[in-house]
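1. Sequence and predicted model, in that order:
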Amino acid sequence: MEAQVTIAHQEVRAPEISPALEVRHLSKRFGGALALNDVSLEVAPGEVHGLLGQNGSGKSTLIKVLAGFHAPEPGGELLVDGKPVSLPVRPDASLGLAFVHQHLALVPSLSVLENFRIRHFATKTSWRIDWRREREKTRQVFDRFGLAIDPDARIDDLSQVERSLVAIVRAFEDIQTRASGGGVLILDEPTPFLPRSGVAQLFSLVRNITRQGSSVIFVSHDVDEILEITDRATVLRDGVVAGTLKTSESESGDFVDLIVGRRIELFQNKRRDLSGAPVALRVTGLKGAIADDISFELRRGEIVGLTGLIGSGCDEIPYLLYGSTRAKAGKVDIAGSRLFEASALSPTTALAAGVALLPADRLAAAGVGALSVADNATLPVLDNFAGALGLNRSQIAVYAGKLCKDYDVRPDRPDLKLGALSGGNQQKVLLAKWLQIKPRLLLLDEPTQGVDVGARQSVFQALHEASAAGTAIVCSSTDAEQLAQICDRVLILARGRIVRVLEHQDITKENISELCLRSLSMAGAAGRAA
């Protein structure tokens, strides 16, 4: 509807402000299946607009259509700043759209400056580059956003947070030079591999960008992030728009209902008193780069969470216990095996003692994206399929198919490459890989990063069943809600030390979050008392 104002008793119609981006009746078919079905949405100027949905809901397909990677079906329309855009989108079109994907598209061996100005260099007609001038321009941009990043630093030497910020600011500067209006920045799952402090930094940058007139589409699985950073959010379900909500007037449950299509029952571990159960793990005086004199016991079948602020050391402990990061000191007693000097642990000795590790980085450390689901899932048990003529591939395929069914992997296709699955389904495969060997101890680092709310419940159920069968689980995570759902105990760390232990009814999202925020003062008090 057009806005109306009255001046000197004369009715004057003010021009309607066009949406920064408008999608109308967009569809995309792969074979016989509709990945997008008549999708329409609007993004207002200066708005942070969320895009949510379960894995396979159509989010990635929509982003790829906007980026020109996929051609939509005939009949759809796309408008940017009120101007029609020809479909399919030409990837090189100057539309005022910029994309930052999870993999960031940065060249690790080049400097920040070289990565930041690479598009400018590629289109520049002059043969000479004024490096001093380019460096100063880059510094000015970073100063405008309050970023203390050295333009001469190599991308490979930056933290994951700093790399993300460089990619986002680069994309913003790109649309500023090419957009007739404010432009639209599309952030595709920007937070799964960032610590909480990094997420806060990123959110501050996003708000700064919208204050400068651009709009942002923020794609995420995390409902809490959507509630914190967006003005409105659209939910896709099975390729269809399930609804658009105004964030300030909505609650987490409203989004979950739209995402899943029904009122989902969130998994909740029944708090158990396992004090009388046999000790599965005893850690004494564990020291690493951050961890300092960590001591705790873990009972058979118990799930213990480790959490804290960035730099607390909670994320270091699983790798120290597995030996993939060398400990400086400490002893590790794995029941049913033997007492280890922590510094002597290695992945080989840990695995032989019945310890499995599922790292946070699924495709770089936990699995191999270029290999099939079957190859990834059966890696720990390949000896079972060895014969005189080598591996029995048909038996591997049948067995992997059963694992996929047992762990609700979708699609149920063991021949697909692991990297072709959604994040949640990759995680189900990797959990199946380790849980099938029934480890004495399972070590987890951020097990639900980038996993949608529905797939999370499947992961939690699998962990619950493993713990009920006797596996002890250590879960390092900054997700307070996740820890409150699955843990029997939660250890709060600060400055490398355990400063608080939560048990029974004290394990709530609110308590965990509050104690993490207060953990540094608790660590300081403990240090003064010592």
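-> Perfect, I can see it now. Residues are numbered from 1 along each chain as shown.
2. Can you verify my assumption that residue 202 contacts residue 163?
-> No: in terms of Cβ atoms under 8 Å, residue 202 does not count as a neighbour of residue 163; the distance is 11.2 Å. To be clear about C-beta, it is placed using only N, CA and C from the backbone, and glycine gets the same treatment.
3. And the helices in the stretch 201-350 of the chain, which stretches?
-> Here the stretch 201-350 of the chain has its helices, by DSSP state H, counting those that start in this stretch, at 223-229, 252-260, 317-322, 347-352.
4. ok, back up a step: what touches both of residue 202 and residue 163?
-> Overlap between the contact sets of residue 202 and residue 163, as judged by Cβ atoms under 8 Å, 6 or more residues apart in numbering, is nil.
5. Out of the helices of the stretch 201-350 of the chain, which one sits most buried?
-> Comparing the helices of the stretch 201-350 of the chain by mean neighbour count (mean count of other Cβ atoms under 10 Å), helix 317-322 ranks first with a mean of 25.
6. give the contact list for the nearest residue to residue 369 once chain neighbours are set aside.
-> In this structure, residue 369 finds its nearest non-sequential neighbour in residue 419, 2.9 Å apart by Cβ to Cβ, 6 or more residues apart in numbering. Residues near residue 419 by Cβ under 8 Å, 6+ apart: 363, 369, 370, 426.
7. so how far is residue 340 from residue 406?
-> Residue 406 sits 32 Å away from residue 340 when distances are taken as Cβ to Cβ, to the nearest Å.
8. The closest residue to residue 69 other than its chain neighbours: what secondary structure?
-> Distances taken as Cβ to Cβ, 6+ apart put residue 91 closest to residue 69, at 7.3 Å, once the chain neighbours are dropped. On the three-state scheme (DSSP: H, G, I helix; E, B strand; the rest coil), residue 91 is labelled coil.
9. quick one, what contacts residue 91?
-> 67, 68, 69.
10. So which of the residues you listed belong to strands?
-> If you go by DSSP state E, the contacts of residue 91 have nothing in strands.
11. By neighbour count, which of these wins?
-> Neighbour counts for these (other Cβ atoms under 10 Å) peak at residue 68, which has 18 neighbours.
12. from memory that one sits against residue 86, does it?
-> No: counting by Cβ under 8 Å, residue 86 is not a contact partner of residue 68; they are 10.5 Å apart.
13. related to what we said a few turns ago, neighbour-wise, which of residue 406 and residue 340 wins?
-> Taking other Cβ under 10 Å, residue 406 and residue 340 do not tie; residue 340 has more neighbours (20 against 13).
14. Please name the nearest non-neighbouring residue to that one.
-> Closest to residue 340 by Cβ to Cβ, 6+ apart is residue 332, at 4.7 Å.
15. burial count for the one you found?
-> Residue neighbour count, defined by other Cβ under 10 Å, stands at 28 for residue 332.
16. Contacts only, for residue 474.
-> 281, 298, 304, 306, 317, 318, 321, 441, 442, 443, 444.
17. Could you dump these into CSV with distance to residue 401 and pLDDT added?
-> Putting the contacts of residue 474 into CSV (distance: Cβ to Cβ, whole Å; pLDDT from 0 to 100) gives the following:
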residue, distance to residue 401, pLDDT
281, 34, 96
298, 34, 96
304, 33, 97
306, 35, 98
317, 35, 98
318, 30, 97
321, 33, 97
441, 28, 97
442, 23, 98
443, 28, 98
444, 25, 97
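18. Identify, from those, the entry nearest to residue 510.
-> Using Cβ to Cβ, the shortest approach to residue 510 within the contacts of residue 474 belongs to residue 306, at 18.6 Å.
19. Could you pull out the helices in the stretch 351-500 of the chain for me?
-> Secondary structure of the stretch 351-500 of the chain (DSSP H, counting those that start in this stretch): helices located at 373-377, 393-406, 423-435, 453-468, 480-486.
20. most packed of these?
-> helix 373-377 (a mean of 25).
21. Who are the packing partners of it?
-> Other elements packing on helix 373-377 under the criterion 3 or more Cβ pairs under 8 Å, 6 or more residues apart in numbering; DSSP states H and E are helix 393-406, helix 423-435.
22. and for it, what are the contacting residues?
-> Helix 373-377 is contacted by residues 367-368, 396-397, 400, 403-404, 409, 413-418, 421, 429-430, 432-433, 436 when judged by Cβ under 8 Å, 6+ apart.
23. hmm, back to that, tell me which two of the contacts of residue 419 sit farthest apart.
-> The largest distance within these, taken as Cβ to Cβ, falls between 370 and 426 and amounts to 12.8 Å.
24. Name the residues contacting each of these two.
-> Common neighbours of residue 370 and residue 426, counting by Cβ under 8 Å, 6+ apart, are 418, 419.
25. helices or strands up against the longest helix along the chain?
-> The single longest helix within the chain, with elements called by DSSP state H, is helix 509-529. When contacts are defined as 3+ Cβ pairs under 8 Å, 6+ apart, helix 509-529 sits against strand 303-308, helix 480-486, strand 489-494, strand 497-503.
26. Which of these has the lowest mean pLDDT?
-> Per-segment mean pLDDT for the helices and strands packed on helix 509-529 reaches its minimum on helix 480-486, at a mean of 91.
27. Check the offset of that one from the chain's centre.
-> The chain centroid and the centroid of helix 480-486 are separated by 16 Å under Cα atoms, centre = their mean, to the nearest Å.
28. now do stretch 454-471
-> 20 Å.
29. tell me the domain ranges of this protein?
-> 21-260, 279-529 (automatic domain parsing).
30. Straight-line length of stretch 485-493, end to end?
-> When the termini of stretch 485-493 are compared using Cα to Cα, to the nearest Å, they are 19 Å apart.
31. pLDDT weak spots in the chain?
-> Across the chain, the ranges flagged by pLDDT under 70 are 1-16, 92-94, 120-126, 178-181, 192-193, 195-196, 262-266, 336, 524-530.
32. returning to that earlier point: what about burial for the contacts of residue 419, which qualify?
-> Neighbour counting over these (16 or more other Cβ atoms under 10 Å) leaves residue 426 as the buried ones.
33. what about residue 420, how many residues close to it?
-> As a burial measure, residue 420 scores 14 neighbours (other Cβ under 10 Å).
34. before we move on, back to that, any chance of the helices and strands packed on helix 373-377 in TSV, with distance to residue 241 too?
-> Supplementary listing: the helices and strands packed on helix 373-377 in TSV, determined by distance: least, Cβ to Cβ, whole Å:
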stretch	distance to residue 241
helix 393-406	30
helix 423-435	21
